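Visitor: Sequence plus predicted model, see below.
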Amino acid sequence: MATIVTDARFADAAPGTAVRHSSVLVRWTLVLIAVAFLGLMLILPLVIVFCGAFEKGWQTTVAALTHPDARAAIRLTALTVVIAVPLNIVFGIAAAWAITKFRLRGKSVLVTLIDLPFSVSPVIAGMVFVLLFGARGLLGPWLGEHDIRIIFAWPGIALATMFVTLPFVARELIPLMQAQGRDDEEAAISLGAGGWQTFFRVTLPSIKWGLAYGTILCTARALGEFGAVSVVSGHIRGETNTLPLHVEILYNEYQFAAAFSVAGLLVSIALLTIIAKSIVEWRMHRSVRRDMDGGPAAQATLDRVGSGR
Amino acid sequence: MSIEVANVTKRFGDFAALKEVSLRVNAGELVALLGPSGSGKTTLLRVIAGLEAPDAGSVLFEGEDATTRHVRQRRVGFVFQHYALFRHMTVFENVAFGLRVRPRRVRPTRAEIRSRVSELLRLVQLEGFARRYPSQLSGGQRQRVALARALAVEPKVLLLDEPFGALDAKVRQELRRWLRRLHEEIHVTSVFVTHDQDEALEVADRVVVMNAGCIEQVGTPEDVFQNPASAFVMNFLGTVNVFHRRVDSLTPEIDAVEIQCPDELPAGSRPARIFVRPHNLEINTHATGKPSLRGRVQFINAAGPQVKVEVLTEFGEVLQVETSQERYQALNITKGSEVYVTPKEMRVFFDDGRPNSA
């Protein structure tokens, strides 16, 4: 409403009333299109998921979620997240550090490589691991001899998930650390701080919100990854099915209520992730505002947060 | 502690930032590295600090080779142009940082740290700011916190990279004088980088003028200003009028007459640049019999202790002349007036680089 009032005042004051009027029209048309599209493509499906989940009463929903296979899927998904996310955090920080704080040959190659999982289809990512670790794969015979199972077992699922979620943390940190430059670290070292002290006392506090943001995105993707995991999992019920795979199986077996119940669980987690992400964005904004000196780092962070991903 | 830089060379890719630079800084001295951007002054400072490793040459602290010594072990206090304060820490924590990160054996107690920090905050005149965050301070205050932080570890050498570069003119002036006084108080060997000649001449005991990766001249502020060793130094230190002439190398006395006739080519003459500072040009309304250039007043700026007059000569050269307010009143000139300009003192540098005997 407030905007309309403002505009009416402008329209009165400005001689070009017709121009103002048409710009209001354009704005509302665009807003309407966006809202309609979002409603159709996002809100409606979400509502349907929850409707479907509760279609046969909440008892069915609870039963679907507490079924041994469902519980196994939840456990496996949790395990995958617990393995993939921390490792990708470590990798992301290391890669961002190497790229932004050192003069490095082939820096742009490394940046491009980090983006690779974004551009490669997840199915292909899964197949790469099958070709590498599968029974007839490159390392298959050796693994077989030593009785190590990677494909059709949780290690393969964790690996595939890590591959797919690899860029999130690094991608978030690189521009942030680039903008912050090396002065702070150099200052810390000249004051006698060691490498770890510099990292924990100087670098980490200044990237913590960016890191949290990247971690949330990484977690969300790790929870929901389907394609790559589907290839390496083998779909063994109660053993190698993650939550998304479990949803697919239930759906294919016409257990719609159960499928939607498990899907509802995933959607709920996704919604929580979005809330967490919004809180982190808000905190990032605030911490940047606090460094209101308008330095290049602060500005860059503001711009990125403001661009609303 | 004395610093000695011996034949240091540093390249960044194809760019030679330092070319066989040698320099000695005596213990307790305050030295300015002065030069335009890209002259290598910041690189030299960073090489001394150990933040940059030289490709060749060595750095000696107190006569001891410190070239391969890590920044941590050099005991240098480094102050960055953009302060590099830790944003998430209070002023107190910033200053205490260097003490807190020491190994447990040599780390001072909490009480010692507190008293040391408050002592330093008193030194930089920021008592009562201990609990503020850097974002709550002005530029000048931030730079003083950065200085206190660097001094907290009792450095043997204090290195400042364009310390006042990001501040406005008035604060710069104040901080300059303050730095000078501070140095007299604590007397730690200090090197600071600046591109501002006023700053260098006002603050430093000695000035090192740098250009294109080389040192052009080292001397006291008076020395480099009065006896510039090269055309570059002459040009860089303040406004100067340049006459492109041919000068007879055989006559050591440079006669002002030569300025009068730019087209005359005496035998054995060499192309040269004659430099005259604006205050060394005397302005008259009639010919005085002394060799002079005739011209017209193009512009007058009388707002200031000295009156700046711009004169367009008959040869089409524009001269900057500075004269006192009294003399300006007495001359009674306005824009368009015909005037005669006489050089009182000048310096000649031959274009081929060979020294002149004048």
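Guide: Cool, the structure landed.

Visitor: List the contacts of the closest residue to B:Val145 other than its chain neighbours.
Guide: Spatial nearest neighbour of B:Val145, excluding adjacent residues (CB to CB, 6 or more residues apart in numbering or on different chains): B:Val91 at 5.3 Å. Bear in mind the C-beta positions are built from the backbone N, C-alpha and C, glycine included. Shown in contact with B:Val91 (CB atoms under 8 Å, 6 or more residues apart in numbering or on different chains): B:Leu121, B:Leu126, B:Phe129, B:Ala130, B:Arg131, B:Arg132, B:Tyr133, B:Pro134, B:Leu137, B:Val145.

Visitor: Most neighbours among those residues, which one is it?
Guide: When neighbours are counted by other CB atoms under 10 Å in any protein chain shown, B:Val145 leads the contacts of B:Val91 with 26 neighbours.

Visitor: Give me the secondary structure label for it.
Guide: helix (DSSP: H, G, I helix; E, B strand; the rest coil).

Visitor: pretty sure it is touching B:Tyr133, no?
Guide: No: the criterion here is CB atoms under 8 Å, and B:Val145 misses it with B:Tyr133 at 10.5 Å.

Visitor: residues near residue 201, how many?
Guide: No chain was given, so I picked chain A. Neighbours around A:Arg201, by other CB under 10 Å: 18.

Visitor: meant chain B actually
Guide: By other CB under 10 Å, neighbour count at B:Leu201 equals 19.

Visitor: confidence score at the residue nearest to it when sequence neighbours are not counted?
Guide: Closest residue in space to B:Leu201, ignoring its immediate chain neighbours: B:Pro221 at 4.1 Å, by CB to CB, 6+ apart. Note for B:Pro221: predicted pLDDT of 94.

Visitor: Run a quick neighbour tally on B:Pro221.
Guide: For B:Pro221, using other CB under 10 Å, the count is 19.

Visitor: cool, the one 5 residues further on as well?
Guide: With neighbours defined by other CB under 10 Å, the count for B:Gln226 comes to 12.

Visitor: From chain A, how far off is it?
Guide: In this view, B:Gln226 and chain A are 37 Å apart by CB to the nearest CB, to the nearest Å.

Visitor: Helices of the stretch 151-300 of chain A, start to end?
Guide: Counting by DSSP state H, counting those that start in this stretch, the stretch 151-300 of chain A has helices at residues A:154-165, A:167-180, A:183-190, A:195-198, A:204-224, A:227-233, A:243-252, A:256-290, A:296-306.

Visitor: which of the residues in the longest one are buried?
Guide: This means helix A:256-290. By neighbour count with 16 or more other CB atoms under 10 Å in any protein chain shown, helix A:256-290 contains the buried residues A:257-267, A:269, A:273, A:276-277, A:280-281, A:284, A:287-288.

Visitor: Name the helix or strand for B:Pro54, please.
Guide: B:Pro54 is part of no helix or strand, with elements assigned from DSSP states H and E.

Visitor: Please tell me I have it right and it contacts B:Val8.
Guide: Yes: with contact defined as CB under 8 Å, B:Pro54 reaches B:Val8; the gap is 4.5 Å.

Visitor: Now the common contact residues for the two.
Guide: Common neighbours of B:Pro54 and B:Val8, using CB under 8 Å, 6+ apart, are B:Leu18, B:Val47.

Visitor: follow-up on the earlier one: looks like the residue nearest to B:Leu201 contacts B:Glu202 (just checking).
Guide: Yes: here B:Pro221 reaches B:Glu202: they are 7.5 Å apart, a contact under CB under 8 Å.

Visitor: At the contact with chain A, which residues of the stretch 1-150 of chain B appear?
Guide: B:49, B:51, B:71-72, B:76-78, B:80, B:82, B:84, B:86-88, B:97-98, B:101-102, B:133-135, B:146, B:149-150 (CB under 8 Å from any CB of the partner chain).

Visitor: One more pass at 6 Å, please.
Guide: Proximity of the stretch 1-150 of chain B to chain A is confined to B:51, B:71-72, B:78, B:80, B:84, B:86-88, B:97-98, B:101, B:135 under the rule CB under 6 Å from any CB of the partner chain.

Visitor: among those residues, which two are most distant?
Guide: Largest separation among the residues of the stretch 1-150 of chain B next to chain A by CB to CB: B:Arg72 and B:Ser135, giving 28.1 Å.
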